[in-house]
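# Here is my input, please return the structure:
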Amino acid sequence: MSENEEHTDITFEPGDDIQVEPDKALTMRPERLAGSPACLNCGTGLKGPFCYYCGQPDRNFLRFFPALLRELMSDFLDLDSRFARTMKPLLFKPGRLTQDYLEGRRFRYTPPMRLYLFSSIAFFLLAATLSNNAITTSTSQRADGETVISLVPADDEALQEVKDAMDQVPRSVKGKFDFELGDIEVHKQTDEIDETWFDKGDIQFNEEPWDRETNPIDIRWLPAWVNDWLNNEVENSPDKAQRINQNPNLIIEQVFDVLPAMMFILLPAVAMIFKFWYLFAKRFYVEHLIFALHNHAFLFVTLMLMLLLSLAEGLLKERGAVFAGNAAEWLVIAMAIWMPIYLFVSLRHVYQQNWFFTFLKFGVIGISYMTLLGLVTSVVALLSFVML
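Next up, the predicted model:
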């Protein structure tokens with residue numbers, strides 16, 4: 001700028017009519033615009049699909065529900081080019097997502113929290129679905145030494161399905177097995193309690209067997225209602241244990257109800273582990289948290305793919321596609337090997353320490369994480385038992 005040129009500061013106020021030449025490469029399709037002359041939030045005149053003053057989009061949510069649902073799901077899952085660009089580095093480039101995000105290259109990828117929520121919800125939903133088995137099997141021996149296979153369906157519908165399936169087995173098929181179908185007993189699930197299966201006397205308090213009247217749980221620093229609740233739980237434990245023995249799906253369902261929330265609560269503690277072992281790395285706590293979000297998302301997506309491949313392996317082999325089934329099995333093994341390698345390389349890539357110190361810290365962080373995960377698992381098991 002020369003000495004004769006004047007410098008003028010230009011400011012804009014809400015409601016100013018600003019003429020801006022639109023960039024065709026950045027404008028949205030006309031059918032996606034609501035067509036409001038002014039922003040419905042702040043009243044600023046609109047010259048495009050977004051208000052330049054407050055940022056609110058000019059969208060009309062009063063539309064057919066399927067179209068609205070599609071748009072909402074797209075916003076939540078971010079299923080666009082960013083989602084596709086996120087999956088490749090998430091699965092095959094350890095630490096790349098975290099490094100790019102911390103260096104400011106963020107818009108091209110799905111945000112870390114959204115990625116974690118999507119992957120964790122999808123994994124736990126799939127795992128809960130695959131673990132929900134309507135029929136419980138067990139083996140026992142008669143007095144004459146013969147082995148008996150027992151099937152205990154969870155409900156009357158499953159019971160009838162088992163009986164119908166057994167009746168339709170051809171005789172030619174029966175002869176190919178070492179056992180006769182008569183050795184398979186189908187039992188209807190009962191609510192009767194076997195008191196001998198779980199003895200409350202095994203629970204001790206003050207180094208003596210628990211008893212509601214003579215030796216109840218009485219912790220002085222706890223409120224009376226908490227002590228009463230603990231004694232009620234101990235008293236009801238044989239009933240719950242018997243129900244779990246009859247139908248393990250009861251405890252499995254409770255575990256999957258509690259585990260996702262506990263894993264989410266675990267994240268800040270995991271980030272604190274990274275903060276502790278990289279105390280002199282001059283990084284903010286939120287950087288460690290983003291790293292933990294990305295690595296957990298990788299684990300959830302990988303475990304979900306392993307579950308699907310394991311399911312596909314069984315189905316393919318049942319239908320005679322042995323080669324494809326073996327390929328799925330080898331993919332599962334390869335992914336199981338890739339997981340620890342990915343976590344190790346991501347630690348090296350993000351924190352930029354040499355391989356020796358990265359290996360040492362990978363070991364101590366792994367031990368710390370597994371200890372914390374064991375504690376969380378114990379809490380989840382206890383809460384699941386209590387919630388029955």
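# what bits of the protein have low per-residue confidence?
Low-confidence segments of the chain (pLDDT under 70): 1-35, 60-65, 67-80, 132-206, 240-251, 386-388.
# All the strands of it, residue numbers only.
Taking DSSP state E as the test, the strands found in the chain are 135-141, 147-153, 184-186, 204-205, 208-209.
# In this protein, mark out all the helices, start to finish.
Here the chain has its helices, by DSSP state H, at 65-77, 81-92, 96-102, 112-131, 156-167, 171-174, 224-246, 249-277, 285-318, 322-351, 355-386.
# Take those helices and lay them out in a markdown table including mean neighbour count.
C-betas here are computed from N, CA, C, even on glycine. As requested, the helices of the chain are exported to a markdown table (neighbours: other C-beta atoms under 10 Å):
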| stretch | mean neighbour count |
| --- | --- |
| helix 65-77 | 11 |
| helix 81-92 | 15 |
| helix 96-102 | 20 |
| helix 112-131 | 17 |
| helix 156-167 | 12 |
| helix 171-174 | 9 |
| helix 224-246 | 15 |
| helix 249-277 | 17 |
| helix 285-318 | 18 |
| helix 322-351 | 16 |
| helix 355-386 | 14 |
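# so residue 127 sits right up against residue 256, yeah?
Yes - assessed by C-beta atoms under 8 Å, residue 127 is found in contact with residue 256 at 6.8 Å.
# Would you map out the domains in this structure?
10-60, 78-133+247-388 (automatic domain parsing).
# Format those domains as JSON lines; extra columns: distance to residue 233.
Below are the domains of the chain laid out as JSON lines (distance: least, C-beta to C-beta, whole Å):
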{"stretch": "domain 10-60", "distance to residue 233": "51"}
{"stretch": "domain 78-133+247-388", "distance to residue 233": "6"}
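# right, and those - which one's nearest residue 225?
With C-beta to C-beta as the measure, domain 78-133+247-388 is the member of those nearest residue 225 (14.9 Å).
# picking up where we left off before, turn the helices of the chain into JSON lines, columns for distance to residue 208.
JSON lines is the format used below for the helices of the chain (distance: least, C-beta to C-beta, whole Å):
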{"stretch": "helix 65-77", "distance to residue 208": "55"}
{"stretch": "helix 81-92", "distance to residue 208": "55"}
{"stretch": "helix 96-102", "distance to residue 208": "54"}
{"stretch": "helix 112-131", "distance to residue 208": "39"}
{"stretch": "helix 156-167", "distance to residue 208": "44"}
{"stretch": "helix 171-174", "distance to residue 208": "56"}
{"stretch": "helix 224-246", "distance to residue 208": "13"}
{"stretch": "helix 249-277", "distance to residue 208": "29"}
{"stretch": "helix 285-318", "distance to residue 208": "44"}
{"stretch": "helix 322-351", "distance to residue 208": "46"}
{"stretch": "helix 355-386", "distance to residue 208": "22"}
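# closest to residue 212 out of those helices?
Per C-beta to C-beta, nearest to residue 212 of these: helix 224-246, 6.0 Å.
# Could the C-alpha coordinates of stretch 91-99 be exported in PDB?
Taking only C-alpha atoms (Å, rounded to 0.1, in the frame of the first residue of the first chain), the coordinates of stretch 91-99 have been written out as PDB:
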ATOM      1  CA  LEU A  91      -8.000 -49.000  10.400                       C
ATOM      2  CA  PHE A  92      -4.700 -48.900   8.500                       C
ATOM      3  CA  LYS A  93      -2.700 -45.800   9.600                       C
ATOM      4  CA  PRO A  94      -1.900 -45.900  13.300                       C
ATOM      5  CA  GLY A  95      -2.000 -42.500  15.000                       C
ATOM      6  CA  ARG A  96      -2.800 -40.600  11.700                       C
ATOM      7  CA  LEU A  97      -6.200 -39.400  12.800                       C
ATOM      8  CA  THR A  98      -5.000 -38.100  16.100                       C
ATOM      9  CA  GLN A  99      -1.900 -36.400  14.600                       C
END
